[in-house]
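[1] any chance you could fold what I've pasted below:
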Amino acid sequence: MTTAEVPIPPASAHAEGMFDVPLMPLDPYDVAIEDVDVSQPHLFEANRQYDYFARMRKEAPIHYSARGEFGPYWSLTNYQDIQHVDTNHKAYSSEPAIVLQDPLVDFTMPMFIAMDPPKHDRQRKEVSPVVGPRNLKALEQTIRSRVCTILDSLPVGESFNWVDLVSIELTTQMLATLFDFPFEDRRKLTYWSDVATARIEPGGLVESDEERQGVLRECLEYFSRLWQERAHKEPGNDMISMLAHGESTKDMPPMEFLGNLVLLIVGGNDTTRNSISAGVLGLNQFPDEYQKLRNDPSLIPNMVSETIRWQTPLAYMRRTALEDIEYKGHTIKEGDKIAMWYASGNRDAAIFEDADRMIIDRDNARRHISFGFGIHRCMGNRLAELQLRVLWEEILPRFEQVEVVGDPVRVRSSFVQGYSELPVRLHARA
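    Below is the predicted model of the structure:
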């Protein structure tokens, strides 16, 4: 039986000496196209990945990296090829992992996003009602109340970190609600999410696999107590209760429970929080669009879709070939890793005109692929959109501008496209 893994990277291959991979220059034209390894995190930290993707879409949209940091892999960089693979789960498997790093043999954590049918379908079905239309309608007032409380507590006219006081706080409060998690401990959810996806390196959030495993075992212990409490009560409307009572999940072994927890925490945390930050950054980079939004707040829903396209919070997902495949003149071997670069597909000029710009009234903004295609399309996409919509509905009446007053600090990751700092200053409406 193949084991599906949570995206917990092993220690840096550079640090371990697993592969002798040269560091990519920031200029994509300073390296031969066949030697490109666009998965290196420093490119994303420096926001230079899009330069690489532009070259790859032009010269090698189906690209093979023979010497990637975590071994050889294929890159798909145009929209149509990504869609083809993402909707063909019978030829391209989500197992054993959704990231390029290979799983840790002694710390396996199965999760339904990295499973194929039928197990994927059964487990996803157990928790999907929490983000279904009926529950979202009930949650909207809760979200609005919390957004108002957060915005009304912000210092006007002073510089502060938008990521911490708004993006993280709003999404963490929402996660606590979905899990029915003790509200006073909600920042633990952010910490566990960050640890799960952090790069292991000296001075980083975690410096060894052992440290990461220790933190995630603490996460498991905490949630196991909640599980036991919910399992002995009537089924509730929160994700822990749904897992504890679901026919396909109630007998999950502990590590599979942890894997699905990390999936739900990361999925509910990283994507929304980084889109919240990206919206502010993008409107500042394109001030005409900000003015367009002030003039016509009815553009907010479309602006939300455009923000998610422009940011692409999760840069890629991996698939693994289940057989030898001939595709557009390339031979993809059984077992080969394939990175579907959503971040590149969302900048494909064949689909999105002037794709590097944020254009809030773009007529096809909803065609973005940030949520993926097919059976693995993001389960919580409507909740993410709801949070962003409500946030901007409450920002516009309060503030003339959320002004970015310093450079953003980007996360050092090629998987999560995110921010740790975004210094801003609020200008109140007259």
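[2] now do the strands in the stretch 301-430 of the chain.
    316-321, 325-327, 330-332, 337-341, 399-404, 409-410, 419-421, 423-428 (DSSP state E, counting those that start in this stretch).
[3] which elements pack onto the third one?
    If you count contacts as 3 or more C-beta pairs under 8 Å, 6 or more residues apart in numbering; DSSP states H and E, strand 330-332 packs onto strand 325-327. Where C-beta positions appear, they are placed from N, C-alpha and C, glycine not excepted.
[4] tell me the mean pLDDT over the strand it packs on?
    For strand 325-327, mean pLDDT is 96.
[5] that strand pairs with which strands, parallel or anti?
    The pairing partners recorded for strand 325-327 under DSSP bridges are strand 330-332 (antiparallel).
[6] and the partner strand, average pLDDT?
    Mean pLDDT, computed over strand 330-332, is 97.
[7] centre-most residue in the chain?
    Central residue of the chain (C-alpha atoms, centre = their mean): residue 314, 3.5 Å from the mean position.
[8] if I pick that one, what's in contact with it?
    Going by C-beta atoms under 8 Å, 6 or more residues apart in numbering, residue 314 touches 270-271, 342, 370, 415-417.
[9] make it 7 Å
    271, 342, 415-416 (C-beta atoms under 7 Å, 6 or more residues apart in numbering).
[10] looking at the residues you listed, which one is closest to residue 388?
    Nearest to residue 388 among the contacts of residue 314, counting by C-beta to C-beta, is residue 271 at 10.3 Å.
[11] local confidence estimate at that closest one?
    pLDDT recorded at residue 271 is 80.
[12] please tell me how far it sits from residue 213.
    Per C-beta to C-beta, to the nearest Å, residue 271 is found 24 Å from residue 213.
[13] check residue 55 too.
    For residue 55, the distance to residue 213 (C-beta to C-beta) stands at 38 Å.
[14] what's the answer for residue 415, then?
    Distance from residue 415 to residue 213, by C-beta to C-beta: 19 Å.
[15] the two: who's more crowded?
    It is residue 415, of residue 415 and residue 213, that has more neighbours when counted by other C-beta atoms under 10 Å, with 26 against 17.
[16] which stretches of the chain have low pLDDT?
    Within the chain, the stretches with pLDDT under 70 are 1-20, 103-131, 375-377, 379-380.
[17] which SSE is residue 75 in?
    When secondary structure is defined by DSSP states H and E, residue 75 falls within strand 73-76.
[18] residue 217 too?
    Assigned by DSSP H and E, residue 217 falls in helix 209-231.
[19] starting at the chain centroid, how far to the strand or helix carrying residue 42?
    According to DSSP H and E, residue 42 maps onto helix 41-45. Centroid separation for helix 41-45 versus its chain: 15 Å, with C-alpha atoms, centre = their mean, to the nearest Å.
[20] how about the CA coordinates for that helix, as PDB?
    The C-alpha coordinates for helix 41-45 follow below in PDB (Å, rounded to 0.1, in the frame of the first residue of the first chain):
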ATOM      1  CA  PRO A  41      13.500  29.100  -2.200                       C
ATOM      2  CA  HIS A  42      15.800  32.100  -2.400                       C
ATOM      3  CA  LEU A  43      14.300  33.000  -5.800                       C
ATOM      4  CA  PHE A  44      10.900  33.300  -4.100                       C
ATOM      5  CA  GLU A  45      12.300  35.200  -1.200                       C
END
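[21] tell me which other helices or strands it touches.
    Contact partners of helix 41-45 among helices and strands, from 3 or more C-beta pairs under 7 Å, 6 or more residues apart in numbering; DSSP states H and E: none.
[22] what about the residue nearest to the centre of the chain, distance to residue 364?
    Distance from residue 314 to residue 364, counting by C-beta to C-beta: 21 Å.
[23] over to residue 344?
    Relative to residue 364, residue 344 is positioned 17 Å away (C-beta to C-beta).
[24] and the two? which has more neighbours close in?
    residue 344 (30 against 12).
[25] I'd say that one and residue 54 touch.
    No. Residue 344 is beyond contact range of residue 54, at 8.2 Å (criterion: C-beta atoms under 7 Å).
[26] quick revisit: nearest to residue 65, out of the strands of the stretch 301-430 of the chain?
    strand 337-341 (8.7 Å).
[27] quick one: contacts of that closest one?
    Contacting residues not belonging to strand 337-341 are listed as 39, 53, 73-77, 82, 85-86, 92, 100, 315-321, 332 [C-beta under 7 Å, 6+ apart].
[28] return the most buried member of the strands of the stretch 301-430 of the chain.
    strand 337-341 (a mean of 26; mean count of other C-beta atoms under 10 Å).
[29] what sits against residue 275?
    Residues counted as contacts of residue 275 (C-beta under 7 Å, 6+ apart) are 307-308, 311, 313, 384, 388.
[30] now the closest residue to residue 398 other than its chain neighbours, what's its secondary structure?
    The spatial neighbour of residue 398 that comes closest, neighbours along the chain excluded (C-beta to C-beta, 6 or more residues apart in numbering), is residue 151 at 5.9 Å. Taking DSSP: H, G, I helix; E, B strand; the rest coil as the rule, one finds residue 151 in the helix state.
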